[in-house]
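Q: let me see the structure of the following:
(2 chains)
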Amino acid sequence: MTAPLEIPQGDPALPGFGLRAWRSLRKDWPALLSIVLLVLLALAAILAPLLAPHPPLATYPDGLQANGAPVGPGGDFPLGADPNGRDVLSRLLYGARVSLVIGILANGLATVMGVLVGLVAGYLGGWTETVLMRITDVIMSFPILLFCIALIAVTGPSAKNVVFVIALIYWTALARIVRSLVLSLKEREFVVAARTLGLSHWRIMRKHLFPHLVPTIIVYATLGVASSILIEASLSFLGVGVPVPDPSWGQMIEQGKDYFQIAPWLLFAPGVCLILTVLAFNLAGDWLRDLLDPTAPERR
Amino acid sequence: MTALLEVDDLTVGFERDGTRSAAVRGVSFEVAAGERVGIVGESGSGKSVTAQAVMRLLPLSAEVGGAVRFAGDDVLGYDAKRLAGWRGSDIAMVFQDPMSSLNPLLRIGTQLTEGLRRHRGLSKPAAREEAARLLRTVGIADAERRLRDYPHSFSGGMRQRVCIAIAAACTPKLIIADEPTTALDVTVQAQVLDLMDELTDRHGTATVLISHDLGVVSSFCDRILIMYAGRVVEAGPADDIIARPAHPYTRALLDSIPRLHGELPRRLPAIPGSPPFGTVPADRCSFADRCPRVQDVCRTNDPALEPTATGRPAACFFPLDSVPVEVR
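A: The predicted structure is shown next:
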């Protein structure tokens, strides 16, 4: 059995990673679309101060009709205004920052924790493994949302706490995956050979095992961003996420839900953004998985 | 003079589903500094497990008994720190398959330098220089550039050269080579053995060469141990064992090597049957069922490793040369 990524760089029969990525993207339009979407989303989030027609927190009397209902899309407010007279498009753009940053940070933290726990548990085995994996099992057996709410209730709602809480829950799945990979990897002869060289456990884990985990980690980290964004939206929807008035998509949906009949754009605008973002991350993750998995059949 | 490596009544047992099987049943041998000892036996004879027990590579579930001493120290009692300092600097190992014993995702340079940096405390540039020198000594041209290559761009024989360079990097006192040539072409086998010969000779490194190939071992080693079913059944100087085997098993092994002169048999003789697997009964000779010289006593008593008329010890009631019997 050959290891993944064992691909000669100079061999014309097996093109390099960048070229393979591009070729498979051209054949796989959902993946291409998802990458384009993610790039646009990232640009939107980064350039939000330039793109947004209004400050996200500013309230405008123009945004409200005479009867107090928010004005619809068009004119000065391209995606309409919200019940406080704030511009929905501007809030959406700034909300993308919140969603992306929280999603990526939370998931990044979860990935680091998951890889560390999985690697240490799988490689060292014995008591270490038992303790670490039982902790993982316990956390996995909690109902995710309820656990998050309980933790936020204790720590208080803030963007920082949302990141930590999501990370605290999401490392478990990756820890299990990494552990199972390490269990089979550590029996391979090159790991035994590294042990006969007198290398430290830490060095073997870091230098000899970790590179073999990278493809898997990339895939799960990508997929995990989508879940983290959804959890953040759910928490904000439930009022325990990003505190008002800072915009977040989940919180915008929460505030818009009561005005659904008179101002449907309040729900649709952040809702569509959320769906597209999550879909894009999932499609990109699937595409990466196929790309990095040498055993997957090549689709032509 | 104390021996470099002393293995004293080593036993290794594995327990699986409640049944205990003995992989090594009381193996004793010594390796002097600079000496080359070969361990020969079929698959399952316990030769590799013996090597792994010496290197402390066996899983925790293995029951290891007896004693292993290295330069007088009790290896089986080493703690993790001592073990890590010992492996790589005093003792090193070369594995059977160079395809799998090098990490496919790490450059050769990294794999060569990590031992040097750890045990000899070299700086990064010094370790790289030393690694390039090592690559040159094992006959790999353009060493500086090849340090940046990954294992897949080396051929099997070259990879085994790299593995030997890694093992020899810190000039250990003992190298254990577990079937280092089995996965290689015959022509490459000879080159790799020559290389090991040269390197160990230069630094006076003692070698334990494990193989199922008596031909390979006899050309390389001073002394040979023949193992069968977890025991040493015959031991002695390589030339003597080849010339006058005492144990019927050794004789059978020699007979199954193709000869270059004399009349060729239509079929190469093979040893009938297969070695015992799992639990080996203790009250009989483990080779009895496959032995051409078997007698009743072989099925009721287990012969001990005792000196024979050849002057070498063999574990047989009816060793060759003592009772001249025409075998085949």
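
Q: all helices for chain A, in order.
A: Assigned by DSSP state H, chain A shows helices spanning A:17-27, A:29-46, A:48-51, A:88-124, A:126-141, A:144-155, A:159-185, A:189-196, A:201-203, A:210-237, A:249-256, A:265-292.

Q: now do the buried residues in the shortest one.
A: What it means is helix A:201-203. Neighbour counts over helix A:201-203 (16 or more other Cβ atoms under 10 Å in any protein chain shown) mark A:Arg203 as buried. All C-beta spots, glycine's among them, are computed from the backbone N, C-alpha and C.

Q: ditto for the longest one
A: In terms of neighbour count (16+ other Cβ under 10 Å), helix A:88-124 has its buried residues at A:88-100, A:102-111, A:113-123.

Q: looking at chain B, which helix or strand is least sure?
A: Ranked by mean pLDDT, DSSP states H and E, the weakest helix or strand in chain B is strand B:306-307, scoring a mean of 85.

Q: quick one: residues contacting whatever residue of the stretch 201-328 of chain B ends up closest to chain A.
A: Using Cβ to the nearest Cβ, the single residue of the stretch 201-328 of chain B nearest to chain A is B:Val208, 13.1 Å away. Neighbouring residues of B:Val208 by Cβ atoms under 8 Å, 6 or more residues apart in numbering or on different chains: B:Leu5, B:Val31, B:Arg36, B:Val37, B:Gly38, B:Ile39, B:Ala51, B:Val54, B:Leu174, B:Ile175, B:Ile176, B:Ala177.

Q: equivalent analysis for A:Pro55, please.
A: A:Pro55 makes contact with A:Ser90, according to Cβ under 8 Å, 6+ apart.

Q: could you do B:Ser48 as well?
A: B:Asp178, B:Glu179, B:Ile210.

Q: now the element after the helix or strand hosting it, going C-ward?
A: For B:Ser48, the enclosing helix or strand under DSSP states H and E is helix B:47-54. Next helix or strand after helix B:47-54 toward the C-terminus (DSSP H and E): strand B:63-70.

Q: quick one, that following strand and helix B:47-54 angle?
A: Computed by axes from the mean of the first three to the mean of the last three Cα atoms, to 10 degrees, the angle separating strand B:63-70 from helix B:47-54 equals 70 degrees.

Q: tell me which other helices or strands strand B:63-70 touches.
A: With contacts taken as 3 or more Cβ pairs under 8 Å, 6 or more residues apart in numbering or on different chains; DSSP states H and E, strand B:63-70 sits against strand B:5-16, strand B:19-31, helix B:47-54.

Q: deepest of the ones you listed, which one?
A: Across these, averaging neighbours per residue (mean count of other Cβ atoms under 10 Å in any protein chain shown) puts helix B:47-54 on top, at a mean of 24.

Q: and B:Thr300, how many neighbours?
A: A count of nearby residues for B:Thr300, using other Cβ atoms under 10 Å in any protein chain shown, gives 11.

Q: chain B versus A:Trp36, what's the distance?
A: Just so we're on the same page, residue A:36 is Val rather than Trp. Per Cβ to the nearest Cβ, to the nearest Å, A:Val36 is found 31 Å from chain B.

Q: quick one: contacts for that residue?
A: Taking Cβ under 8 Å, 6+ apart, we find A:Val36 in contact with no residue.

Q: now do the same end-to-end measure for stretch B:307-319.
A: By Cα to Cα, to the nearest Å, the extent of stretch B:307-319 from end to end equals 10 Å.

Q: sheet partners, orientation included, of the least confident helix or strand of chain B?
A: Strand B:306-307 pairs in its sheet with strand B:313-314 (antiparallel), by DSSP bridges.

Q: pLDDT score assigned to residue 149?
A: All of this refers to chain A. Each residue has a pLDDT score; the one for A:Ile149 is 88.

Q: my bad, the chain I had in mind was chain B
A: On the pLDDT scale, B:Asp149 gets 90.

Q: check A:Ile169 too.
A: pLDDT, A:Ile169: 87.

Q: next, see if stretch B:76-95 gets close to chain A.
A: Yes - Stretch B:76-95 lies within reach of chain A by Cβ under 8 Å from any Cβ of the partner chain, at B:Leu83, B:Ala84, B:Gly85, B:Trp86, B:Arg87, B:Gly88, B:Ser89, B:Ile91, B:Ala92, B:Met93, B:Phe95.

Q: okay, now the residue in the stretch 151-300 of chain B positioned nearest to chain A: neighbour count?
A: Residue nearest to chain A within the stretch 151-300 of chain B: B:His152 (5.6 Å; Cβ to the nearest Cβ). Residues near B:His152, counting by other Cβ under 10 Å, number 17.

Q: wait, it sits on B:Pro104?
A: Yes - with contact defined as Cβ atoms under 8 Å, B:His152 counts as touching B:Pro104 (6.3 Å).

Q: does the residue nearest the centre of chain B lie in a helix or a strand, and which?
A: Centroid-nearest residue in chain B: B:Ile210, 2.0 Å away (criterion: Cα atoms, centre = their mean). In the assignment (DSSP H and E), B:Ile210 maps to strand B:206-211.

Q: what do you get for B:Ile224?
A: With DSSP H and E as criterion, B:Ile224 is part of strand B:223-228.

Q: re the thing from before, and of the helices and strands packed on strand B:63-70, who's closest to A:Gly241?
A: A:Gly241 sits nearest to strand B:5-16 of all these, at 52.6 Å, using Cβ to Cβ.

Q: which other helices and strands does the closest one contact?
A: For strand B:5-16, the packing partners by 3+ Cβ pairs under 8 Å, 6+ apart come out as strand B:19-31, helix B:47-54, strand B:63-70.

Q: any chance of CSV for the helices and strands packed on strand B:63-70, columns mean pLDDT and distance to B:Leu254?
A: Below are the helices and strands packed on strand B:63-70 laid out as CSV (pLDDT from 0 to 100; distance: least, Cβ to Cβ, whole Å):
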stretch, mean pLDDT, distance to B:Leu254
strand B:5-16, 91, 25
strand B:19-31, 89, 21
helix B:47-54, 93, 17
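
Q: and chain B, which of its residues are near chain A?
A: By Cβ under 8 Å from any Cβ, the residues of chain B that approach chain A are B:55, B:57, B:60, B:83-89, B:91-93, B:95, B:97, B:100-106, B:110, B:114-115, B:118-119, B:150, B:152-153, B:163, B:166.

Q: do that again at 7 Å, thanks
A: Residues of chain B lying near chain A by Cβ under 7 Å from any Cβ of the partner chain: B:55, B:57, B:84-89, B:92-93, B:95, B:97, B:100-106, B:114-115, B:118-119, B:152-153.

Q: mark which of those residues are buried, thanks.
A: The neighbour count (16+ other Cβ under 10 Å) marks B:55, B:57, B:84, B:86-89, B:92-93, B:95, B:97, B:100-106, B:114-115, B:118-119, B:152 as buried among the residues of chain B next to chain A.

Q: looking at the residues of stretch B:76-95 next to chain A, spot the one nearest B:Asp283.
A: B:Met93 (35.6 Å).

Q: could you pull up the residues touching the closest one?
A: By Cβ atoms under 7 Å, 6 or more residues apart in numbering or on different chains, B:Met93 lies in contact with A:Thr196, B:Met55, B:Ala167, B:Ile176, B:Asp178.

Q: buried ones among these?
A: A:Thr196, B:Met55, B:Ala167, B:Ile176, B:Asp178.

Q: show me the contacts for B:Tyr33.
A: Wrong residue type there; residue B:33 is Ala, not Tyr. Counting by Cβ under 7 Å, 6+ apart, B:Ala33 makes contact with B:Leu4, B:Lys173, B:Gly204, B:Ala206.

Q: next one: the first one from A:Leu100, what distance?
A: Looking back up the chat, that one is B:Leu4. As judged by Cβ to Cβ, to the nearest Å, B:Leu4 and A:Leu100 stand 62 Å apart.
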